[in-house]
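below: sequence and its predicted model.
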Amino acid sequence: MTLPPNPLSREMVALIERLAPNEGYSLSALDGVRFMRSDRPLGRTPVLYEPGIVIVCQGRKLGFLGDEVYVYDAQHYLVLSVPLPFSTETQASKEEPMLAVSIRLDLTTVTDLVLAIDAREGPRPDSAPQGIASTPLSEDLADATVRLLRALSSPLDAEILGPALVREICFRVLSGDQGGALRAALAHPGRFGRVAKALRRIHTDFSQALDVTHLAQEAGMSVPAFHVNFKAVTQTSPIQYIKSTRLHHARLMMIRDGLTAASASARVGYESASQFSREFKRFFGRTPVEEVRDMKNSFALSPAAGIGEFASRH
């Protein structure tokens, strides 16, 4: 096995291996923080990420959105300012599993940080808002991540120290190399902000009837302008975004909650189970039964590891 290149990386790997013993996603002792683990390589897989930070400690993931490829590995982290469906490829093995920590961006915390940073430094005028970015992992951010993982290894430390460490990680990201572009996105100025508001609405109300004309009106745009700006942020159309959001949520319901295709389709807003099955197969390339069978481990959600206060301070 090839060890990660420095002590911080090695400690990250050791901690996540204990915190995430199961393949798929694992909860942590802190709301909004999850672990990701894959013990095998995975080809191009459609995913839906909410706004957040993904720090990979071992292995590598590639994200594909439009013509862009985003690398996140032990040297780069991924950050999303808006919820985006895209596709990923995972490089991992049983000997060297892909191990990562995912931190959801809390809007209140992020807004406070953006206001504080911009008040001190001023917004960067040349920073165009970005919905997704891959950025080199700085030593300060790696150090904060290790300290968060140590805290999550103890229920008491997680409760007392965890929220402040998450805030520090968000600060390191917002003040880092891509910080200006991310702050511009998260501050929601201009047309990017109006599209971001529509994305949050879709993400929250995907099971309801969603009309593009009404979404455009809520965004204060004409329908043609809404389509153009929506595609600039998401690389897809509003209708396709709504459809993919519903299909992603239905897939998770079938995998994690054991729902049938018919039940999941109704839960996400489909009136016809047969239409759902056709669109599911067209989108994922497999029937719901095949997709659930093959992706059960990759998207399983495990409870927080019952590890107590294991010795992490050696």
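Received, thanks. Numbers count the residues shown, from 1 in each chain.

make it CA atoms for all contacts and neighbour counts henceforth
Noted.

show me what contacts Val268?
206-208, 246-247, 249-250 (CA atoms under 8 Å, 6 or more residues apart in numbering).

got the residues you listed as JSON lines, with pLDDT columns?
Shown next, in JSON lines, are the contacts of Val268 (pLDDT from 0 to 100):
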{"residue": "Phe206", "pLDDT": "95"}
{"residue": "Ser207", "pLDDT": "94"}
{"residue": "Gln208", "pLDDT": "94"}
{"residue": "Arg246", "pLDDT": "97"}
{"residue": "Leu247", "pLDDT": "97"}
{"residue": "His249", "pLDDT": "97"}
{"residue": "Ala250", "pLDDT": "97"}
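
now, of those, which are buried?
206-207, 246-247, 249-250 (16 or more other CA atoms under 10 Å).

what residue ranges in the stretch 201-314 of the chain score low on pLDDT?
For the stretch 201-314 of the chain, applying pLDDT under 70 flags the ranges 307-314.

returning to what we had before: a markdown table for the buried ones among the contacts of Val268, including distance to Ala142?
Below are those laid out as a markdown table (distance: CA to CA, whole Å):
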| residue | distance to Ala142 |
| --- | --- |
| Phe206 | 35 |
| Ser207 | 38 |
| Arg246 | 35 |
| Leu247 | 35 |
| His249 | 32 |
| Ala250 | 35 |
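
look up the closest residue to Arg172, ignoring the ones flanking it.
Take Arg172 and drop its neighbours on the chain: the residue closest to it by CA to CA, 6 or more residues apart in numbering is Leu141, 5.9 Å away.

now do the strands in the chain.
Secondary structure of the chain (DSSP state E): strands at 24-27, 33-38, 42-49, 52-58, 60-65, 68-73, 76-80, 84-91, 98-104, 132-136, 301-302.

domain parsing for the chain?
Using automatic domain parsing, the domains assigned to the chain come out as 7-186, 190-299.

let me know which of these is the nearest to Gly306.
domain 7-186 (8.6 Å; CA to CA).

can the contacts of Val268 go into a markdown table with extra columns for distance to Ala198?
Output for those, formatted as a markdown table (distance: CA to CA, whole Å):
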| residue | distance to Ala198 |
| --- | --- |
| Phe206 | 11 |
| Ser207 | 15 |
| Gln208 | 14 |
| Arg246 | 15 |
| Leu247 | 18 |
| His249 | 18 |
| Ala250 | 21 |
